[in-house]
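J.: requesting a structural model of the entry that follows:
(3 chains)
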Amino acid sequence: MKRKNPQPSSAAVRRAGQIFSRLEEAYPDAVTALSYSTPFELLVAVILSAQSTDQQVNKITEKLFKKYRTPQEFALLTADQLANDIKGCGLFRNKSKHLVETSRILVEQYGGEVPQDRESLMLLPGVGRKTANVVLGVVFGQATFPVDTHVHRLAHRLGLSSGKSPEQTELDLCALIPPEQWQRAHHQLIYHGRRVCDARKPKCPDCCVNDLCPSAKRSGEGNS
DNA sequence: AACTCGGGGCA
DNA sequence: TGCCCAGAGTT
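T.: Numbers count the residues shown, from 1 in each chain, chains lettered A, B, ... in the order given. I've put the predicted structure just below:
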């Protein structure tokens, strides 16, 4: 039989809670939000948000959704047409192609609706595990944790996950963080990851959770 | 596993 | 001014 992810100790859960309340205190404005009014609009916004900020995406979608709002409308566009409307976020040519193809699939295979399971979402062009989890969590209220490069790196450094794979990190964080805090925790990890806990040179002296971080302790022991 | 896309954020 | 990506697809 299949082994489930082992239940974390209460001490581990408590430590995770400490870390996130610190981050919450340090970055009260770290949580941004993509603006949308339908599940399809959120799906579009999340696809656009790869390698781009939410603010950047909101600027684009504010205009975009006034022209096109439904998968039926997106499905009629050529990639070049749409590219012109989403210019301003990174990787826009790829995303444009993906959005048109995804819209066609939604119309042809899902009656124009956004599927609510991860397997179906991940079959859509431009939608990987991280994007699928954001959609499931934000619009369908499902228990997921979107793991991007920052989340993966920080969870490992902070001792919240073994860091073996993004999938494992996702399981570990889901077990450690109460469902209602997942979205906020996600944004705070990203914010912290960009400004303090870099991939290359983490600024441990400036870090608000350095006393709770096994990595910071290790790197601090070598010098004195 | 390494490469590509691309405008923005940040030093 | 230049580096590095708030990812996912392709080779």
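J.: per-domain residue ranges of chain A.
T.: The record assigns chain A these domain ranges, following automatic domain parsing: A:10-30+A:144-218, A:39-140.
J.: distance between the ends of the first one?
T.: Pointing back at domain A:10-30+A:144-218 there. With CA to CA, to the nearest Å as the measure, domain A:10-30+A:144-218 spans 24 Å from end to end.
J.: then stretch A:31-40?
T.: One end of stretch A:31-40 sits 22 Å from the other (CA to CA).
J.: could the domains of chain A go into JSON lines alongside distance to DNA strand B, mean neighbour count and mean pLDDT?
T.: All C-beta spots, glycine's among them, are computed from the backbone N, C-alpha and C. Putting those into JSON lines (distance: least, CB to the nearest atom of the strand, whole Å; neighbours: other CB atoms under 10 Å; pLDDT from 0 to 100) gives the following:
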{"stretch": "domain A:10-30+A:144-218", "distance to DNA strand B": "6", "mean neighbour count": "17", "mean pLDDT": "94"}
{"stretch": "domain A:39-140", "distance to DNA strand B": "2", "mean neighbour count": "18", "mean pLDDT": "97"}
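J.: in CSV, list those domains along with distance to DNA strand C.
T.: Putting the domains of chain A into CSV (distance: least, CB to the nearest atom of the strand, whole Å) gives the following:
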stretch, distance to DNA strand C
domain A:10-30+A:144-218, 3
domain A:39-140, 2
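J.: which residue is nearest the middle of chain A?
T.: Within chain A, one residue has its C-alpha closest to the average C-alpha position: by CA atoms, centre = their mean, that is residue A:146, at 4.2 Å.
J.: what helix or strand is the nearest residue to that one once chain neighbours are set aside located in?
T.: Across the structure, with CB to CB, 6 or more residues apart in numbering as the measure, the residue nearest residue A:146 apart from its sequence neighbours is residue A:133 (4.1 Å). Under the criterion DSSP states H and E, the helix or strand holding residue A:133 is helix A:129-140.
J.: which strands and helices sit next to the helix or strand following that helix?
T.: Scanning the chain past helix A:129-140 towards its C-terminal end, the next helix or strand to appear is helix A:149-157 (assignment: DSSP H and E). In terms of contact count using 3 or more CB pairs under 8 Å, 6 or more residues apart in numbering; DSSP states H and E, helix A:149-157 is assigned the packing partners helix A:166-176, helix A:182-195, helix A:214-222.
J.: closest to residue A:34 out of the ones you listed?
T.: The closest approach between residue A:34 and any of the helices and strands packed on helix A:149-157, judged by CB to CB, belongs to helix A:182-195 at 11.1 Å.
J.: give me the residues contacting that closest one.
T.: Contacts with helix A:182-195, where a contact means CB atoms under 8 Å, 6 or more residues apart in numbering, come from A:20, A:23-24, A:26-27, A:30-32, A:137-138, A:143-146, A:148-151, A:153-155, A:173-174, A:177, A:207-208.
J.: all set, thanks.
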